[in-house]
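Q: From the sequence below, what's the structure:
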Amino acid sequence: MLAELPSLRPWLALNHAAYLLLAGLLASIVARVGRGAARRVVARVLEQERLRGVLDLYLSPEAAERVLASPPTLAGERREVTVLFADIRGCTRLSSSAPPEQVVALLNAYFSRVCEVIERHGGMVNKFMGDGLLAVFGAPETLPDHATCAARAGLEMVRAAGQVVPPDGGALRIGVGIHTGPLVLGSIGAARRRDYTVIGDTVNVASRIEGLTKEVGAPVLVSEAARAAAGGLLQTQDAGTLPVKGRDEPVRLHRLLAVEARSSGGATRVA
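A: Residues are numbered from 1 along each chain as shown. Now for the predicted structure:
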């Protein structure tokens, strides 16, 4: 019996080689899957870091942490929000008459003031467009009274802008348009460059409303949708139903005069 054992060596060697080959194949598969999983984890971490970088610029640290604790869908999320557009009046004339350094200093002083106002009222500055800006209330952080907060911010922004003195003297004047409606927010762009932004008709309408402030002669205009979303807390004056570029139906607009705040006793006071 012991003499026959050497005859098993070739079979054992072949069996051992098969095990080694199978183990190698399994290791290769595991490594490939592991690399793919690692790449996905790294991609998610990088996307979160990009989102954190954006939120740190536009939100307070506390608000940014709350959003990152339950991050929005980066592929795009539909949500009802209030959008605010603001633009400096006469900035084109100012840019042509003042040195570029003075214009930049003016814009920095203005944006510093109004962005602080927007953040304090729970909004996020999403974009700067020359002397204009787009702010969103209700995203990425949930804000139940987003229309009211946007209205308060709009009125305070007008006052804050008036404290900035342009190179030619006087006071800085701005126009603010506010509209409430659905839009899509998320990480949008190309594979190598993306931006956390908002897309939808609500954005376009808010921009058009801001442009109509010059025609109406009101510093702040709100749409009927924003007025309704505020639940009767806005003191307004009817500005008529005006056509809005890009829309078949005209939009009913209101001059924003003041915002009321409910006190603990249920009464209201002007904010």
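Q: Run through the helices of this protein in chain order.
A: With DSSP state H as the criterion, the chain has helices at 9-58, 61-69, 91-97, 100-120, 146-161, 201-216, 224-229.
Q: avg pLDDT for the longest one?
A: In this model, helix 9-58 has a mean pLDDT of 59.
Q: likewise the fifth one?
A: Taken as a whole, helix 146-161 has an average pLDDT of 97.
Q: From the contact counts, what lies against it?
A: If contacts are counted by 3 or more Cβ pairs under 8 Å, 6 or more residues apart in numbering; DSSP states H and E, helix 146-161 sits against strand 77-88, helix 100-120, strand 123-129, strand 132-137, strand 174-189, strand 220-223, helix 224-229, strand 251-262. The C-beta positions use only the backbone N, C-alpha and C, and glycine is treated the same way.
Q: can you list those in JSON lines and add mean pLDDT?
A: Listed next are these as JSON lines, based on pLDDT from 0 to 100:
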{"stretch": "strand 77-88", "mean pLDDT": "94"}
{"stretch": "helix 100-120", "mean pLDDT": "93"}
{"stretch": "strand 123-129", "mean pLDDT": "91"}
{"stretch": "strand 132-137", "mean pLDDT": "95"}
{"stretch": "strand 174-189", "mean pLDDT": "89"}
{"stretch": "strand 220-223", "mean pLDDT": "98"}
{"stretch": "helix 224-229", "mean pLDDT": "97"}
{"stretch": "strand 251-262", "mean pLDDT": "91"}
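Q: and those, which is most packed in?
A: With neighbours taken as mean count of other Cβ atoms under 10 Å, the helices and strands packed on helix 146-161 reach their highest mean count in strand 220-223, at a mean of 28.
Q: Show the contacting residues for Lys127.
A: Residues in contact with Lys127 (Cβ atoms under 8 Å, 6 or more residues apart in numbering) are Leu133, Leu134, Thr197.
Q: still on that earlier bit, nearest approach to Arg152 belongs to which of the helices and strands packed on helix 146-161?
A: Across those, Arg152 has its closest neighbour in strand 251-262 (4.9 Å, Cβ to Cβ).
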